[in-house]
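Trainee: Here is my input, please return the structure:
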Amino acid sequence: MWASKSQRNLAAREELISLHSRVKRHQNICAFSIEVIEGYIPPSFEKSDEVIKFIDSSLDDNFIFASLLDVERELLINAMQPENVKDGNIIIKQGDVGDYFYVIVDGKVNYFVNGVCVGSGTRGSSFGEMALLYNSPRAASCIANSDCQLWKVDQKTFRNLLANKKDMDEREIENILKKVEIFSRFGNDALKKTVDAVTSVVFQDGDKIIKKGHVGHVFYIIREGKVKATDIGFGSSSYVDHEYTAGMMFGERALLTEEPRAANITAVGEVSCLCLSREILEKVLGPLQCIFDRAMTLPILMSVPILARSGLERLEMNQLSELIEDLTFRKNTKLVDNGDRIHQALYIIRKGKVTVTNPDGLINTLKSGDYFGEQTLVDKNGLSNETIKVIENTTVGVLTIASIKAVVGELSRLGKHVAEKASTLDSSILLDDLVKIRILGVGSFGKVWLVSHKKTRKPFALKKISKHELIEAKQVANMICETN
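Mentor: Residues are numbered from 1 along each chain as shown. Predicted coordinates for the structure are as follows:
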């Protein structure tokens with residue numbers, strides 16, 4: 001139940017998911033190690049409707065409570081008890097084993113790690129949630145910076161509320177993972193470790209799960225519901241917006257390449273996801289580059305316009321994915337020259353960079369996740385009008401025309417090719433040569449104007465960006481990546 005209000009919220013959510021997975025693995029603690037009492041009745045402390053609404057709203061920002069049913073959530077809130085703390089008193093001491101989770105009603109609490117203040121919380125903030133799940137030492141000290149009013153609940157109450165769901169959830173998660181390609185070949189031990197490290201998160205309709213340009217640390221598998229990927233890619237390749245449904249994964253590319261997220265991912269209706277952090281993927285599961293390369297291929301194929309618009313069945317897409325073979329080329333290799341006879345194939349860049357020079361001399365730089373060669377699949381000419389050169393050691397996945405024919409039969413089934421976007425501007429046009437007509441749109445860092453060339457009257461879209469705001473938001477590298 002995440003409200004995607006800002007970059008800070010997105011980053012904080014992924015950090016909390018990573019922390020959750022890290023504690024589960026490194027502490028190696030059963031989340032329900034305490035004795036579960038049959039017929040347990042949680043305590044109840046009287047609260048006004050206003051207080052209940054306030055606590056409920058405060059829980060919305062914490063994924064740990066996202067899987068609770070309404071009745072369980074109500075019992076948990078009823079079980080929370082008030083506590084008053086004087087200015088300067090220690091609420092939580094780093095290193096102690098925790099047993100309470102707190103919500104701040106009034107006042108300010110500072111968080112210290114090894115004696116250094118790393119943050120603070122005020123009304124509506126919460127802390128100590130890991131104590132509800134694990135018998136792990138507190139990661140920070142929490143000290144009242146003023147007189148504080150708090151609500152708190154103990155781990156015994158929380159665990160007894162969820163105990164009956166644990167076994168069922170683990171079996172369900174294991175069954176879901178078995179159907180995901182990257183986990184389908186895992187042995188029981190590796191699969192069990194993965195299940196133990198998984199975190200469940202629920203998103204509401206319209207929630208921004210991934211924001212393009214952010215650096216990602218979490219990988220997602222859809223448990224229930226669907227999401228939509230929009231504005232896909234940083235390079236010049238054109239992609240079709242794509243929906244992901246139950247059993248599909250997203251967010252894996254950024255985990256492997258350490259590049260910014262390459263698309264916006266938004267919840268369509270309520271969506272339940274299984275999440276794994278990069279740290280856990282590497283430490284628990286080991287190197288996944290080869291496995292992910294194969295798993296990433298399918299969503300790329302499903303977004304390439306000529307295939308996405310062909311009406312191919314999911315089975316056919318899977319078969320095409322299986323027929324892709326990887327090739328590696330060294331820096332400065334010229335894959336094709338203008339006028340050469342073309343090799344009909346679709347190329348997906350796994351890693352590295354290539355340049356594509358078109359007949360007008362415009363140069364597009366393609367990187368990991370981009371593709372080229374789409375037009376050759378329907379080209380009747382047989383000769384290339386582009387020059388494609390490897391500018392750093394590059395690995396590509398190759399899907400030949402023969403492989404496509406073997407799966408789809410008649411090539412007439414293929415959809416319409418969409419021309420690549422030119423990423424290099426006409427340097428002969430100067431700012432003084434343009435006349436502003438009207439604003440087309442306003443973005444986070446500037447405006448887009450409809451302009452006209454004074455002599456030719458040719459229209460252009462002119463994007464004006466505030467350098468100060470770009471630097472302040474630490475988005476310079478992403479903007480450079482977008483314009484290359």
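Trainee: So what's the residue count around residue 439?
Mentor: 11 (other C-beta atoms under 10 Å). Quick note: C-beta positions are derived from backbone N, CA and C, even for glycine.
Trainee: do residue 330 as well
Mentor: Counted with other C-beta under 10 Å, residue 330 comes out at 10.
Trainee: residues in contact with it?
Mentor: Applying C-beta atoms under 8 Å, 6 or more residues apart in numbering, we find residue 330 in contact with 390, 393.
Trainee: Could you pull up phi and psi at it?
Mentor: phi -80, psi 160 (degrees, to the nearest 10).
Trainee: and the gap between residue 403 and residue 321?
Mentor: Using C-beta to C-beta, to the nearest Å, one obtains 10 Å as the distance from residue 403 to residue 321.
Trainee: who has more neighbours, these two?
Mentor: Using other C-beta under 10 Å as the criterion, residue 403 and residue 321 rank with residue 321 on top: 21 against 18.
Trainee: after the helix or strand where the more buried one lies comes which helix or strand?
Mentor: If you go by DSSP states H and E, residue 321 is part of helix 314-322. Using DSSP H and E, the helix or strand that directly follows helix 314-322 along the chain is strand 325-329.
Trainee: same for the very next helix or strand once past that following strand, what does it pack against?
Mentor: Next along the chain after strand 325-329, taking DSSP H and E as the criterion, comes strand 334-336. The contact analysis (3 or more C-beta pairs under 8 Å, 6 or more residues apart in numbering; DSSP states H and E) places strand 334-336 against strand 387-400.
Trainee: about what we covered before: pLDDT of the helix holding residue 321, averaged?
Mentor: Regarding helix 314-322, the rounded mean pLDDT is 83.
Trainee: List the contacts of it.
Mentor: Helix 314-322 has contacts (C-beta under 8 Å, 6+ apart) with 294, 297-298, 301-302, 307, 312, 399, 403-404, 407-408.
Trainee: Could you export those as CSV, including secondary structure and distance to residue 189?
Mentor: Shown next, in CSV, are these (DSSP: H, G, I helix; E, B strand; the rest coil; distance: C-beta to C-beta, whole Å):
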residue, secondary structure, distance to residue 189
294, helix, 22
297, helix, 27
298, helix, 27
301, helix, 32
302, coil, 32
307, helix, 37
312, coil, 37
399, strand, 35
403, helix, 36
404, helix, 39
407, helix, 36
408, helix, 40
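Trainee: Lowest-confidence one in those?
Mentor: At the low end of pLDDT for the contacts of helix 314-322 is residue 294, which has 62.
Trainee: Check the offset of the helix holding residue 321 from the chain's centre.
Mentor: Centroid separation for helix 314-322 versus its chain: 24 Å, with C-alpha atoms, centre = their mean, to the nearest Å.
Trainee: Tell me the buried residues in that helix?
Mentor: 316-321 (16 or more other C-beta atoms under 10 Å).
Trainee: Ramachandran angles for the nearest residue to residue 113 once chain neighbours are set aside?
Mentor: Once flanking residues are discounted, residue 113 sits nearest to residue 140: 4.9 Å by C-beta to C-beta, 6 or more residues apart in numbering. Phi and psi for residue 140, reported as degrees, to the nearest 10, are phi -150, psi 160.
Trainee: Mind checking the pLDDT average for stretch 175-185?
Mentor: pLDDT averaged over stretch 175-185 gives 77.
Trainee: Any idea how far it is from the middle of the chain?
Mentor: Per C-alpha atoms, centre = their mean, the centroid offset for stretch 175-185 relative to its chain is 19 Å.
Trainee: If you count neighbours, what's buried in it?
Mentor: 176-177, 180-183.
Trainee: Redo those residues as a markdown table? Include distance to residue 56 and secondary structure.
Mentor: Below are the buried residues of stretch 175-185 laid out as a markdown table (distance: C-beta to C-beta, whole Å; DSSP: H, G, I helix; E, B strand; the rest coil):
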| residue | distance to residue 56 | secondary structure |
| --- | --- | --- |
| 176 | 29 | helix |
| 177 | 32 | helix |
| 180 | 33 | coil |
| 181 | 39 | helix |
| 182 | 37 | helix |
| 183 | 35 | helix |
